[in-house]
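with the input below, show me the fold.
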Amino acid sequence: MKVVRIRRLSTLALGAVITAACASASATTPGDIAARYAADARAMCDLVPKVYAFYATRSLHWAEACRQAQVEAAAVTTPGQGTAVLEHLVDALWDAHASLGVNTDASPWLVPSGSDLWLEAQGSDALVTGVRRGGAADRAGIRVGDLILSINGLAPRDAAKARIRTGVDEIPPERMEWALNAAGAGHRGQTRQLDLLRGGERIALELGDPPPVALDTPLNARMIGDIGYIRFNDSLGDPGTVTAFDAAVDDMGSAKGWIIDLRDTPSGGSTDVAEPVMGRFIAETADYQITQPLQATAYPRSIVARGPWTLSGPVAVLVGRWTGSMGEGMAIGFDGMKRGTVVGGPMAGLAGGVEVFKLPSTDTDLRLPTYGLAHMDGTPRHRWTPEVLVQPDLGGAQDPALSRAIRIVGGE
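Down below sits the predicted model:
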């Protein structure tokens, strides 16, 4: 069966999920549905080794996951069950930048666009190292430094193994980090029961949907003294963002410096938005990141200067765990062009650039990273961290990263 390559995307809007039927109208019987999803699982298993840019590091348990998918597909009677089979295959890649273009009411939330906590393994427990501002965890009062003792009654490590499914005896740290955060985000329609330890006190919490309420404006902008501050509201895939950005900087034209806040860009976006925004900060064309095709020579990608006037003065760029994909590209771009100081901590770590493939039997979109992306110094984008390290994702009212950015732009 042929898998159709739709088009090349430089980034992936992970937060933009589409609820859709997962089989064509002709798949009306359970047998038809099972056959279609079994066929698409085989197509996916054949495709991934050929096009997935990071397959070499994920190949060890792929054959086992593919055999498991065929067993599961044989028992499918509904499109929703079939989607779950394909979701299990995506999970086997433990790559937050790989996903399907559909979801069901029970699908896993995507990380980072559908998550509200960042977790790191600490024995069988999980340490909270980031809290998404405005998310369910933030509203419930969870804070950085809390120790998660259980997720829905399971020790965090066991909850993570349930997402891993194959090869659970020896789990590399990066795979465990992916699995912990996937388990912490949970599934749509599922209430999360968390037990945590804080200062010797055990606290039980019940959390609903992780993401914060979506804002109806592409960005928020204001003056902080003589500094222009712009925070993008997960809008790097919205064509209206460029117009909103231009209007904001026109209103703040007297600013002596700028803070660009990318800490709420988990869904990634498009170069059609990011490059025009960055183009306002340079006076001439500049290279900002390196594209690394699987079977071709790496090459730099450039930004063209844009706008009736160039935004001058020092620039600080805020990043954190909910800076994803194109947001990460902007961060390494400002740094690579030597046009801004990046402040915060590790980002979402979404590796490479994504292409969309159409699975042949159910028309399900499969999104896979098919090429690498790197900082101008050659560091893979998903491994790059800012030079100025300040906790960026505390939730609540504290914001030491913003305070540090203000001091940097102000020359302190």
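
count the residues that sit near the nearest residue to residue 34 once chain neighbours are set aside.
Leaving aside its sequence neighbours, residue 34 sits nearest to residue 76 (CB to CB, 6 or more residues apart in numbering; 4.4 Å). Bear in mind the C-beta positions are built from the backbone N, C-alpha and C, glycine included. Residues within reach of residue 76, counting by other CB atoms under 10 Å, total 23.

and what of residue 63?
By other CB under 10 Å, neighbour count at residue 63 equals 12.

which strands and helices sit next to the host helix or strand of it?
Residue 63 is part of helix 62-74, with elements assigned from DSSP states H and E. Under the contact definition 3 or more CB pairs under 8 Å, 6 or more residues apart in numbering; DSSP states H and E, helix 62-74 sits against helix 30-51, helix 79-91.

check what contacts it and list those residues.
By CB atoms under 8 Å, 6 or more residues apart in numbering, the residues outside helix 62-74 that reach it are 34, 37-38, 41-42, 45, 48-49, 55, 82, 84-86, 88-89, 92-93, 165-167.

tell me the buried residues in that helix?
The neighbour-count check on helix 62-74 (16 or more other CB atoms under 10 Å) flags 62, 65-66, 68-69, 72-73 as buried.

just the helices in the stretch 301-412 of the chain please.
Under the criterion DSSP state H, counting those that start in this stretch, the stretch 301-412 of the chain contains helices at 326-336, 400-409.

among these, which comes closest to residue 149?
Residue 149 lies closest to helix 400-409 among the helices of the stretch 301-412 of the chain, at 27.3 Å (CB to CB).

so for the closest one, what's the average pLDDT?
The pLDDT scores in helix 400-409 average 98.

surely residue 182 and residue 112 touch.
No. If you go by CB atoms under 8 Å, residue 182 and residue 112 don't touch, sitting 10.6 Å apart.

the two: who's more crowded?
residue 112 (32 against 25).

on the three-state scheme, the more buried one is what?
Secondary structure state of residue 112, per DSSP: H, G, I helix; E, B strand; the rest coil, is coil.

and the pLDDT at it?
Reported pLDDT for residue 112: 97.

contacting residues around it?
Contacts here follow CB under 8 Å, 6+ apart; on that basis residue 112 touches 14, 96, 118, 132, 181, 266, 321-322, 324, 348, 350.

what residues go with each domain of the protein?
Domain assignment for the chain by automatic domain parsing gives 4-100, 117-207, 219-409.

of those domains, flag the one that's most buried.
Ranked by mean neighbour count under mean count of other CB atoms under 10 Å, the domains of the chain are led by domain 219-409, which reaches a mean of 20.

tell me how far it is from the chain's mean position?
13 Å (CA atoms, centre = their mean, to the nearest Å).

and the end-to-end length of it?
End-to-end span of domain 219-409 (CA to CA, to the nearest Å): 20 Å.

got a list of what residue 404 touches?
343, 388, 390.

distance of it from residue 386?
11 Å (CB to CB, to the nearest Å).

please apply the same query to residue 111.
Taken as CB to CB, the span from residue 111 to residue 386 is 21 Å.

and for residue 188?
Between residue 188 and residue 386 the computed distance is 33 Å (CB to CB).

what's the closest of the helices and strands packed on helix 62-74 to residue 286?
Judged by CB to CB, the one of those that comes nearest to residue 286 is helix 30-51, at 30.6 Å.

could you check the angle the strand or helix carrying residue 162 makes with helix 79-91?
Following DSSP H and E, one finds residue 162 within helix 156-164. Helix 156-164 runs at 110 degrees relative to helix 79-91, counting by axes from the mean of the first three to the mean of the last three CA atoms, to 10 degrees.

to the chain's geometric centre, what's the distance from helix 156-164?
Computed by CA atoms, centre = their mean, the separation of helix 156-164 from the middle of its chain amounts to 20 Å.

since that was my last question, I'll sign off now.
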